[in-house]
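Enquirer: Sequence plus predicted model, see below.
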Amino acid sequence: MKNPSLPLDGLIVLGARLNPQGLPGRIARLRLEYALDLWLKGGASGYLLLTGGCSGKLPISEARAMAHHALTWAEARGGAELRERLGACLILEENSRSTRESARRTLPLVQELRLHHVGLVSDTLHLKRAHYLFRCHYRHQAVTLHPLAVPGVMKTYLKNRRYLWLTKMLLRESGAWLKVLWHQVWPRKGA
């Protein structure tokens with residue numbers, strides 16, 4: 001789905017790996033900047049829920065690193081006023097370490113903010129699984145999820161001949177789908 005025809009109450013931007021300096025990596029930046037463009041086009045008023053906890057040895061969460069990047073992005077495009085507006089719209093979910101956890105941990109935030117139409121932002125490879133997992137967690141709620149794929153991610157990798165990275169992404173996503181299927185066949189107690 002490209003841009004939904006109805007206004008969105010918020011956007012959930014799924015986290016991705018940080019680089020060794022603790023800054024959003026290529027995929028995280030692409031997801032975030034696409035969401036920021038949508039936010040601006042939508043009147044710069046809806047919430048942006050940034051997800052992703054700490055991973056590895058870095059002390060900063062994916063969500064916090066993306067928030068810093070977003071605020072810098074806003075200031076570069078609209079000065080202190082846009083940065084302040086964006087700051088008031090950012091909600092961070094900093095504890096999830098997987099897409100499944102992001103779905104589970106964002107639901108209370110979405111409910112608390114009383115959001116009904118929410119965009120789910122990720123890259124094309126990840127979005128189908130993410131949308132499936134979020135629908136599983138949100139299915140009994142009055143929330144409509146609109147999957148929003150970041151355009152051009154695959155094309156960028158192919159154009160820049162980053163075949164190894166693209167292969168790693170495909171293998172990682174395939175393994176993640178197998179894990180989802182495993183949980184469907186043999187659900188964990190209490191999950």
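Expert: Received the coordinates, thanks.
Enquirer: After the helix or strand harbouring Gln111, which helix or strand is next?
Expert: In this assignment (DSSP states H and E), Gln111 forms part of helix 99-113. Where DSSP H and E defines the elements, the next helix or strand beyond helix 99-113 is strand 117-123.
Enquirer: List the buried residues in that next one.
Expert: Val118, Gly119, Leu120, Val121, Ser122, Asp123 (16 or more other Cβ atoms under 10 Å). The C-beta positions use only the backbone N, C-alpha and C, and glycine is treated the same way.
Enquirer: any residues touching that strand, and which ones?
Expert: Residues from elsewhere that reach strand 117-123 (Cβ atoms under 8 Å, 6 or more residues apart in numbering): 4, 6-14, 27, 30-31, 34-35, 38, 110, 127, 130-131, 134, 143-150, 153.
Enquirer: So which bits of the longest helix along the chain are buried?
Expert: Ordering each helix of the chain by length in residues (DSSP state H) puts helix 62-89 first. By 16+ other Cβ under 10 Å, the buried positions in helix 62-89 come out as 62-67, 69-71, 73-74, 82-83, 86, 89.
Enquirer: Okay, helices next: where are they in the protein?
Expert: Using DSSP H, helices in the chain cover 26-41, 62-89, 99-113, 124-138, 153-159, 163-185.
Enquirer: Any chance you could list what contacts the first one?
Expert: By Cβ under 8 Å, 6+ apart, the residues outside helix 26-41 that reach it are 3, 8, 11, 13-18, 24, 46, 48, 50, 52, 62, 65-66, 69-70, 73-74, 77, 86, 89, 119, 121-123, 148, 150-153, 156.
Enquirer: re the thing from before, now render the helices of the chain as CSV, adding mean pLDDT and distance to Gly56.
Expert: Formatted as CSV, those follow (pLDDT from 0 to 100; distance: least, Cβ to Cβ, whole Å):
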stretch, mean pLDDT, distance to Gly56
helix 26-41, 93, 14
helix 62-89, 96, 11
helix 99-113, 95, 16
helix 124-138, 90, 19
helix 153-159, 70, 23
helix 163-185, 71, 15
